[in-house]
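K.L.:
3D, please:
(one chain, ligands or ions: 2)
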Amino acid sequence: MTMSKSTQAIVPNCHVIKIGGSTLANLSEAFIKSLKRRVAAGQNIIVVHGGGPNINEALAHQDIVSETIDGIRVTTPEMIATIRNILIGEVNSGLVGKINASGISAAGLSGFDGVFTCDYLEQEIYGEVGVVTDVNALKFKLFLKGGIIPVVACIGTSATGDPLNINADTLAAGIASGVQAESLLLVTDTPGIKKDGVTVTSASEQDIRKWVANGIIYGGMIPKVQAALDCLESGVKAVQITDDTLVGTTVQATNPLITRLTKEVHTNA
Ligand SMILES: Nc1ncnc2c1ncn2[C@@H]1O[C@H](COP(=O)(O)OP(=O)(O)O)[C@@H](O)[C@H]1O
Ligand SMILES: CC(=O)N[C@@H](CCC(=O)OP(=O)(O)O)C(=O)O
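P.N.:
Ligands and ions are numbered 1, 2, ... in the order given. Predicted coordinates:
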């Protein structure tokens, strides 16, 4: 997959944290505390969020059945307005409100606010689904310089201004690559990649390819491992797949070159 680029300066000491819809409803105190610690330590945090379960519920209310291909929702024109409204109107505002209430200054954003551009992934297969093509690192920098955490909903716009549904893991990887983040943290409802019921502490690209092929990794975990590999490929130094206890800190590569060559994906134990 071609990763997004940034036409502007990178964002220093930046860490992208993606929160899955699986976790949003019950975001723990520990998570908010960890966010505060990171901000206090001077990290530039960008939050990206999903909302898959909220979308499922809203579509079910309208008797709309949706299909996913390897974790990516095939998005028909009849679904896209609902998905935009749920992600921006409901999920994003809820999360931004929660973060602000905790004392951290945050602002809600999406592709409509010009922080990234996107294009159709493969319209004939996925319909109204986007992929990030460019990241406006300067705009992110301005928010962060002003002490505001950008909280980005996974909705983009087409060249003609129509909303596009973007898988949140894919968007997080695109933004992390575009700002040349130090790390990407994918927060979900499982403590890491599991194999035979056990959470693995680290996984290589070869492991991942094998586990996707034999079904150990399936569904919503597929966009995560793809995002992880894409990020490492584009120079992001560390990727962690974890639950919201964020046990320890993001695994940092001691030698970025080795990380890039071996494409290690770290998960927590
Ligand atoms: N090998 C695996 N290890 C852990 N979880 C996996 C694995 N393969 C598939 N999954 C599934 O991926 C889910 C996480 O993806 P998803 O539901 O899309 O979460 P999110 O909303 O956080 O993006 C897990 O709850 C689990 O059902
Ligand atoms: C194109 C695509 O797959 N979009 C996702 C966007 C939400 C998402 O990614 O939410 P999670 O992080 O909770 O999985 C969807 O429609 O479900």
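
K.L.:
does any part of stretch 66-82 sit near ligand 2?
P.N.:
Yes. Using CB under 6 Å from any ligand atom, stretch 66-82 reaches ligand 2 at 72-73, 75. No exception for glycine: its C-beta is placed from N, CA and C like everyone else's.

K.L.:
Nearest to Ser177, out of the residues you listed: which one, please.
P.N.:
Ranked by distance to Ser177 (CB to CB), the residues of stretch 66-82 next to ligand 2 are led by Ile72 at 18.2 Å.

K.L.:
Run through the bridge partners of that closest one.
P.N.:
Ile69 (DSSP bridges).

K.L.:
Spit out the contact partners of it.
P.N.:
Listed by CB atoms under 8 Å, 6 or more residues apart in numbering, the contact set of Ile72 reads 121, 126, 129, 167, 170, 223.

K.L.:
do that again at 10 Å, thanks
P.N.:
Contacts for Ile72 (CB atoms under 10 Å, 6 or more residues apart in numbering) come out as 121-122, 125-126, 129, 131, 165-167, 169-170, 220, 222-223, 226.

K.L.:
ok, and of those residues, which contact ligand 2?
P.N.:
129, 165-167, 220.

K.L.:
mind putting those in JSON lines, distance to Lys33 and neighbour count included?
P.N.:
Below are the ones next to ligand 2 among the contacts of Ile72 laid out as JSON lines (distance: CB to CB, whole Å; neighbours: other CB atoms under 10 Å):
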{"residue": "Val129", "distance to Lys33": "35", "neighbour count": "23"}
{"residue": "Asn165", "distance to Lys33": "32", "neighbour count": "24"}
{"residue": "Ile166", "distance to Lys33": "29", "neighbour count": "29"}
{"residue": "Asn167", "distance to Lys33": "28", "neighbour count": "27"}
{"residue": "Gly220", "distance to Lys33": "26", "neighbour count": "22"}
